[in-house]
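# Fold the following and give me the result.
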Amino acid sequence: MCGRFALTDTPDAVQSLLAVTDFEPFPPRYNIAPTQPVLMALSGPARAAGSNLPSRQSMLVRWGLIPAWAKNPDDFSLLFNARSETAAEKASFRTAMRHRRALVPANGFYEWRRVGSKRAEPYWIQPRDGGLIAFAGLMESWSEPGGTELDTGAILTTEANEDLRGIHHRMPVVIKPEDFDRWLDCLNQEPRHVADLLKPAEPGFFEAVPVSDRVNKVANAGPDLQERVERREAEDTDPKPGGDSGQLDLF
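You can find the predicted model right below:
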């Protein structure tokens with residue numbers, strides 16, 4: 001699962017990675033949570049020969065996808081993650097998977113490791129070499145009965161790799177820069193054509209840094225959330241290591 005992440009790089013760095021220019025400058029965000037606005041990049045107008053027209057467009061969406069056919073979003077759980085293994089078949093994600101695949105820029109994400117039956121320890125999980133990455137995302141627009149349109153989105157997840165499965169059994173899908181065009185090309189690339197991209201990050205790509213439980217509260221949003229803390233090793237009595245950490249209770 002990916003229930004919190006951070007985007008702390010500069011707008012220039014985001015522009016360089018995603019090749020988008022149509023967004024307003026933004027401050028560093030150290031504790032992004034579901035229902036908050038998140039930046040996504042989608043395929044834009046085709047690039048004309050000799051033109052400066054961007055081939056990708058950016059947009060701010062509510063993190064928590066609402067299917068276009070939903071009559072009342074209160075009838076749904078908060079769909080901030082989508083299982084990559086089943087997204088192409090699930091009614092809630094099928095249309096977005098076919099027509100509105102997206103990239104979500106991030107510097108890393110937070111995950112919680114269950115220790116015993118009542119305690120969860122948070123980790124800041126970042127690329128070992130630092131820098132920006134892009135999660136696989138889906139975007140969907142939902143129209144209220146009154147006609148107001150709300151852009152919403154979700155992050156795709158997959159099985160955790162061997163480095164992280166001791167913390168949690170799921171992780172966000174990371175799309176490599178060389179695969180951006182293929183992932184975003186919903187005109188020519190059907191979900192089955194990009195299924196090979198929906199895989200765990202390679203071993204050694206991420207490092208997990210133990211951090212303070214201050215990250216548990218959305219109101220805490222400073223750089224101190226990513227500072228390493230020392231913990232005494234404790235016996236893990238959870239019979240399912242890397243199971244559901246319960247961080248949904250934090251929202």
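
# C-alpha only now, for contacts and for neighbours.
Will do.

# now for the helix or strand hosting T95, which elements pack on it?
Following DSSP states H and E, one finds T95 within helix 94-99. Helix 94-99 is packed against strand 133-143, with contacts defined by 3 or more CA pairs under 8 Å, 6 or more residues apart in numbering; DSSP states H and E.

# got a list of contacts for the strand it packs on?
40, 61, 65-70, 93, 96-97, 100-108, 127, 149-156, 172-176 (CA atoms under 8 Å, 6 or more residues apart in numbering).

# try it again with 7 Å
65-68, 96-97, 100-107, 149-156, 172-175 (CA atoms under 7 Å, 6 or more residues apart in numbering).

# Narrow these to those in helices?
A96, M97 (DSSP state H).

# Now the buried members of the contacts of strand 133-143.
65-68, 96-97, 100-107, 151-156, 172-175 (16 or more other CA atoms under 10 Å).

# tell me the contacts of K118?
Taking CA under 7 Å, 6+ apart, one finds nothing in contact with K118.

# Roughly how far does it sit from R165?
19 Å (CA to CA, to the nearest Å).

# buried set for the helix of greatest length in the chain?
In the chain, assigned by DSSP H, the helix with the most residues is helix 11-18. Across helix 11-18, burial judged by 16+ other CA under 10 Å covers P11, V14, L17, L18.

# Any regions of the stretch 151-251 of the chain where pLDDT drops low?
233-251 (pLDDT under 70).

# how about the strands in it?
170-172, 206-210 (DSSP state E, counting those that start in this stretch).

# Dump these into JSON lines; add distance to G137 as well.
Below are the strands of the stretch 151-251 of the chain laid out as JSON lines (distance: least, CA to CA, whole Å):
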{"stretch": "strand 170-172", "distance to G137": "9"}
{"stretch": "strand 206-210", "distance to G137": "19"}
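
# Please identify the most buried of those strands.
For these, the largest average neighbour count (mean count of other CA atoms under 10 Å) is found in strand 170-172, namely a mean of 25.

# and it, what other elements does it pack with?
If you count contacts as 3 or more CA pairs under 7 Å, 6 or more residues apart in numbering; DSSP states H and E, strand 170-172 packs onto strand 149-159.

# which residues sit against the strand it packs on?
Outside strand 149-159, the residues touching it (CA under 7 Å, 6+ apart) are 1, 61-66, 79-84, 135-143, 169-173, 198-200.

# run the last query once more with 8 Å
So strand 149-159 is contacted by 1-2, 60-66, 79-85, 104, 135-144, 169-173, 198-200 (CA under 8 Å, 6+ apart).

# same thing with stretch 86-98?
I66, P67, A82, L138, M139, E140, C186, E190, P191.
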